[in-house]
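J.: next input, structure requested:
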Amino acid sequence: QVQLVQSGGGLVQPGGSLRLSCEAPGRASIVTDTVAWFRQAPGSQREFVSAIRGRAGSTDYADSVKGRFTVSRDNAKSTVYLQMNSLKPEDTAVYYCSFRWGSGRFYSTTEDYAYWGQGTQVTVSS
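T.: Sure thing, here's the model as predicted:
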C-alpha cells in the first residue's frame, strides 16, 4: 500500500502562483517509479497534468500547462512538488497526485495509477 499525502493549494488571482506537495511517507520508490498529477474541474473528467519518473527524474506535461507548471522531486523527503505559475481561471480544479510502480514510459490515464492522494482545491479567481 502506498499512502500519498497532499498539501498546498488555495485561492489565487489570475497570474499568480501556487505550489502543491505530495509526500509518500517512507516511500523511497518515488525515486525509481512514477508520480503524476491530475486535476478535475466540476463536471469534467479527471485529466493528466504532469508526471515525473525514474532515477533521472524525467518529466512530462499536458500541453495546457507546458511552460507554466513545473514538477520536481525531493528524494530525501519522498516528496513531489507541482509549481504552478501564471495561473489562469481554467486551471481551477481539484488536483490529485498519484503513484504507480514502474518508470519505463509515461502513463497519462487515471487507469494507469493505483494510488491517489486526497486531492486539494486550487481556485484561480479575481
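J.: in this protein, what spans have low per-residue confidence?
T.: Along the chain, the model assigns pLDDT under 70 to residues 27-28.
J.: all the strands of it, in order from the start?
T.: 5-8, 10-12, 18-23, 34-40, 47-53, 58-61, 69-74, 79-84, 93-100, 115-116, 120-124 (DSSP state E).
J.: who wins for proximity to Thr109 among those?
T.: Across these, Thr109 has its closest neighbour in strand 47-53 (7.1 Å, Cβ to Cβ). C-beta: built from backbone N, CA, C; applies to glycine.
J.: what residues are up against the residue nearest the centre of the chain?
T.: With distances taken as Cα atoms, centre = their mean, the residue of the chain nearest its centroid is Trp37 (2.5 Å). Each residue near Trp37 by Cβ atoms under 8 Å, 6 or more residues apart in numbering is listed here: 20, 22, 48-51, 71, 82, 95-98.
J.: mind putting the residues you listed into CSV with distance to Gln13 and neighbour count?
T.: Formatted as CSV, these follow (distance: Cβ to Cβ, whole Å; neighbours: other Cβ atoms under 10 Å):
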residue, distance to Gln13, neighbour count
Leu20, 17, 25
Cys22, 24, 28
Phe48, 26, 22
Val49, 20, 25
Ser50, 22, 26
Ala51, 28, 26
Val71, 23, 24
Leu82, 19, 28
Tyr95, 18, 24
Tyr96, 23, 23
Cys97, 24, 32
Ser98, 28, 23
